[in-house]
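Undergrad: predicted model, plus sequence, below.
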Amino acid sequence: ATLRNAVKGSPMYGNGPPRLDLGGIFEWGEIESRIFKSILAHPRLVPLFHGLLGKGYRLDHIPFVLMNNKGGEGFQLHS
């Protein structure tokens with residue numbers, strides 16, 4: 001199953017591949033995924049992340065990048 005946020009059959013659903021959010025980083029192999037996640041939660045790095053991104057930042061999309069495949073689902077940005 002692919003990650004989709006739009007409701008099937010809605011105008012935003014699209015007929016191509018899904019969105020490219022996060023570039024699949026949470027589906028990396030076991031070792032790579034563990035290393036990446038440990039960096040996100042590293043106690044010496046978290047204050048830096050808070051300074052750059054603010055407390056409560058989310059990693060549910062690629063920050064500052066809007067990418068999509070042709071025919072991929074659409075979305076409204078801050079509507």
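TA: Nice, thanks for sending it over. Residues are numbered from 1 along each chain as shown.

Undergrad: tell me which element residue 71 is part of?
TA: Residue 71 belongs to no helix or strand when assigned by DSSP states H and E.

Undergrad: what is the neighbour count of residue 6?
TA: Here the number of neighbours of residue 6 (other CB atoms under 10 Å) works out to 16. (C-beta placed from N, C-alpha, C; glycine too.)

Undergrad: after the helix of greatest length in the chain, next one along is what?
TA: If each helix of the chain is counted by residues according to DSSP state H, the longest one is helix 30-40. Next helix or strand after helix 30-40 toward the C-terminus (DSSP H and E): helix 46-53.

Undergrad: got any ranges where this protein has weak pLDDT?
TA: Across the chain, the ranges flagged by pLDDT under 70 are 1-3, 18-24, 26-27, 59-68, 74-79.

Undergrad: re earlier: the longest helix of the chain: which residues count as buried?
TA: Of the residues in helix 30-40, none are scored as buried under the neighbour-count criterion (16 or more other CB atoms under 10 Å).

Undergrad: give the other helices and strands that it contacts.
TA: Taking 3 or more CB pairs under 8 Å, 6 or more residues apart in numbering; DSSP states H and E as contact, there are no helices or strands that helix 30-40 lies on.

Undergrad: helix or strand for residue 17, which one?
TA: Using DSSP H and E, no element contains residue 17; it sits outside every helix and strand.

Undergrad: what's the burial count for it?
TA: Using other CB under 10 Å, residue 17 has 13 neighbouring residues.

Undergrad: check residue 5 too.
TA: Residue 5: 14 surrounding residues under other CB under 10 Å.

Undergrad: my guess is it contacts residue 14, does it?
TA: No - the pair residue 5 and residue 14 does not pass the contact test of CB atoms under 8 Å, sitting 10.6 Å apart.

Undergrad: and for those two, which residues touch both?
TA: Residues touching both residue 5 and residue 14 (CB atoms under 8 Å, 6 or more residues apart in numbering) are residue 73.
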